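>>> Sequence and predicted structure below; questions after.
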Amino acid sequence: MAILDILLYPNPVLREKCRPVSSDEVQSEAFQQLIDSMIETLYAKPGTVGLAAPQVGHPVQLFVLDATAKTTCDRLFVLINPVITQQSNWKYSREGCLSFPQYIVTVKRARKLAMTWMDRSGQLVNEQFTDFEAIIAQHELDHLSGILFIDRVRNIDTDIIERTMALSP
């Protein structure tokens, strides 16, 4: 395992549409090592709750998510080839992104999602995410389509905030 380098915008890999992962590939040692390294990278960055494979230079449909931000690690999910099957009403929330470390952006996201994906053992999973986990899942799923949170901004003057301003008292 290793802590992976995060690609920063405007790296072109961040705009690539990621390819699906085959069941055979999921079982490969190299893919399992990628998952382990992504998890290690997720937990190595304070406050990080999600990481998509293209952010570490692998344009495949894979992301890891843990809304506990390393406080308990009991809600870690590995999502391979994820698909939203149902979503609910919307809300606006602020998001950060490792590929845009200097910004926080206001984005419209569904409050509740039903999703299907393959886990790291190749098993099909159906689960619902609500609130913060739903927002994280949508953000990471966008990465797999080459969509960045800046693409979802309504008003560039009011919805993009520099982190230093957001953290000021």
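Happy to help now that I have it. This one's a predicted model, so the numbers in the text were calculated from it and none came from an experiment.

>>> From what I see, Ile39 and Phe63 are in contact.
No. Between Ile39 and Phe63 there is no contact under C-beta atoms under 8 Å: 10.9 Å. Where C-beta positions appear, they are placed from N, C-alpha and C, glycine not excepted.

>>> Those two: which is more packed in?
Phe63 (27 against 18; other C-beta atoms under 10 Å).

>>> Surely the more buried one is in a strand?
Yes. According to DSSP: H, G, I helix; E, B strand; the rest coil, Phe63 belongs to a strand.

>>> Can you verify my assumption that it contacts Pro54?
No. Counting by C-beta under 8 Å, Phe63 sits too far from Pro54 to count as a contact (9.0 Å).

>>> list the residues that contact both of these two?
Common neighbours of Phe63 and Pro54, using C-beta atoms under 8 Å, 6 or more residues apart in numbering, are 143-144.

>>> For Ser88, list the residues it contacts.
With C-beta under 8 Å, 6+ apart, Ser88 has these contacts: 110-113.

>>> May I have the beta-bridge partners of the nearest residue to it once chain neighbours are set aside?
Nearest non-adjacent residue to Ser88, counting by C-beta to C-beta, 6 or more residues apart in numbering: Lys112, 3.8 Å away. Beta-bridge partners for Lys112, by DSSP bridges, are Thr130.

>>> how many neighbours does Lys112 have?
Around Lys112 there are 14 residues (other C-beta under 10 Å).

>>> Could you check how far it is from Phe149?
For Lys112, the distance to Phe149 equals 20 Å [C-beta to C-beta, to the nearest Å].

>>> before we move on, what about Val64?
18 Å.

>>> Might you list the low-confidence residue ranges for the protein?
Applying pLDDT under 70 to the chain picks out residues 165-169.

>>> longest single strand anywhere in it?
The residue-count maximum for a strand in the chain (DSSP state E) belongs to strand 77-87.

>>> Tell me the buried residues in that strand?
The neighbour-count check on strand 77-87 (16 or more other C-beta atoms under 10 Å) flags 77-82, 84, 87 as buried.

>>> Return the closest of these with respect to Thr71.
Checking the buried residues of strand 77-87 against Thr71 with C-beta to C-beta, the nearest one is Phe77 at 15.6 Å.

>>> So the closest residue to the closest one other than its chain neighbours versus Asn155, what's the distance?
Leaving aside its sequence neighbours, Phe77 sits nearest to Leu65 (C-beta to C-beta, 6+ apart; 4.7 Å). Leu65 sits at a distance of 28 Å from Asn155 (criterion: C-beta to C-beta).

>>> The two: which is more packed in?
Shown here are Leu65 and Asn155; by other C-beta under 10 Å, Leu65 has more neighbours (22 against 8).
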